[in-house]
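Colleague: With the sequence up front, the predicted model follows.
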Amino acid sequence: MSGDVLVVIGAGGMGMAIARRCGSGSLVVLADIGEVSSALADEAYDIRTHHVDVSDPASVAALAKAAAELGRVQSVVHTAGVSPVQSPADRVIGVDLVGTAHVIDAFGAVIAPGRAAVVISSMAGHLTGGLPAGDEAAIAGAGAADLAVLPCVRAAADGDPGLAYAFAKAAVSVLVRAAAQPWGRRGARINAISPGVIDTTMGQAELDGPSGDFMRTMVDASGVGRPGTPDDIAAAAEFLLGPGAAFITGADLLVDGGVVAAVRSGQLG
Ligand SMILES: NC(=O)c1ccc[n+]([C@@H]2O[C@H](COP(=O)([O-])OP(=O)(O)OC[C@H]3O[C@@H](n4cnc5c(N)ncnc54)[C@H](O)[C@@H]3O)[C@@H](O)[C@H]2O)c1
């Protein structure tokens, strides 16, 4: 075992920006189901890559074990995900919701005391206005292994991919709220970030898809009036992982340029 380890799960647009912003001075474990770019290694970051499929609990457990063997797991950022134009509803649920539960479970057992994790949710979860109280209670009380068989989760997995995505992301916020207390018993914190439209491969795929015009309208109506950059999300992650957020856990930070504010206050135009 050596020094401090930052684990970034999902080495796409946000994951690479977070690794670049938060990874200097740490050993950075970049984990993804696909190939990981060598860009950060080329910039002298200390990088290890690891193959992981977050929808597979054994794969996530192996990643957590490997990270813990490399050093103190100081920070975990879970960005792996699929969007509704990329995957059918059951895969959206399996990766974005159940996969996040596997990550919270596996890394809750190895995170260093006093340290923190961030999982990426979405403004899509906030646009639904929240889950019914009964669904929220069932999700909060289910272990990762039981989540997929809850009636509300099965219904989402059998439905429209866009609705499944919004459901999954709203449910991720529930998982984070439910995890705050057990993580606190280890002296650790966990929070979510809900990004708006961010200029990554996934964000571009959504803008090019059937909801693209609506997304552009929402961005135009927002307070900031532009899509986000991956580094806008990395800045929020850096804050939530750091000492300035010592009193923040179980929270979901909306980083959307004001899109949800515009929609929910009736100012979409
Ligand atoms: N880009 C946006 O506009 C936007 C908006 C809101 C929320 N989000 C969320 O932000 C997160 C990061 O998205 P991004 O924009 O960086 O997307 P991205 O497509 O650039 O990166 C996602 C990464 O996740 C990996 N991945 C997919 N399935 C996986 C699996 N089963 N196991 C391990 N890795 C897997 C992909 O290979 C990819 O590298 C996602 O959870 C996404 O839902 C994105």
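Modeller: All right, it came through fine. Numbers count the residues shown, from 1 in each chain.

Colleague: Against His126, how distant is Ala164?
Modeller: Counting by C-beta to C-beta, to the nearest Å, the separation of Ala164 from His126 is 16 Å. To be clear about C-beta, it is placed using only N, CA and C from the backbone, and glycine gets the same treatment.

Colleague: go on, Gly12?
Modeller: Counting by C-beta to C-beta, the gap from Gly12 to His126 is 21 Å.

Colleague: Next: Val259.
Modeller: Computed with C-beta to C-beta, the distance linking Val259 and His126 is 9 Å.

Colleague: about what we covered before: more neighbours: Ala164 and His126, which one.
Modeller: Ala164 (26 against 23; other C-beta atoms under 10 Å).

Colleague: where's the helix or strand containing the more buried one relative to the chain centroid, distance-wise?
Modeller: Following DSSP states H and E, one finds Ala164 within helix 161-185. Helix 161-185 sits 9 Å away from the centroid of its parent chain (C-alpha atoms, centre = their mean, to the nearest Å).

Colleague: what ranges of the protein fall below the confidence cut-off?
Modeller: In the predicted model of the chain, residues 1-2, 269 satisfy pLDDT under 70.

Colleague: Going along the chain, name the strands of it.
Modeller: Per DSSP state E, the chain has strands spanning 4-9, 27-32, 46-51, 72-78, 111-120, 189-195, 252-255. These are given in chain order.

Colleague: what's near enough to touch Gly228?
Modeller: Gly228 sits next to 195-199, 255-257 when contact means C-beta atoms under 8 Å, 6 or more residues apart in numbering.

Colleague: Look up how far the ligand lies from it.
Modeller: Distance, Gly228 to the ligand, by C-beta to the nearest ligand atom, to the nearest Å: 7 Å.

Colleague: so what's that residue bridging to?
Modeller: Taking DSSP bridges as the rule, Gly228 bridges to Ile198.

Colleague: Show me what from the stretch 51-200 of the chain comes close to the ligand.
Modeller: Taking C-beta under 6 Å from any ligand atom as the criterion, the neighbours of the ligand within the stretch 51-200 of the chain are 52-55, 79-83, 95-96, 99, 120, 122, 195, 197-198, 200.

Colleague: so of the residues you listed, which ones are in helices?
Modeller: Among those, the members found in helices (DSSP state H) are Gly99.

Colleague: from the residues of the stretch 51-200 of the chain next to the ligand, which would you call buried?
Modeller: Buried residues within those, counting neighbours by 16 or more other C-beta atoms under 10 Å: 52-55, 79-83, 95-96, 99, 120, 122, 195, 197-198, 200.

Colleague: Which single residue of the stretch 51-200 of the chain ends up nearest the ligand?
Modeller: Relative to the ligand, the nearest point of the stretch 51-200 of the chain is Gly81 (2.5 Å; C-beta to the nearest ligand atom).
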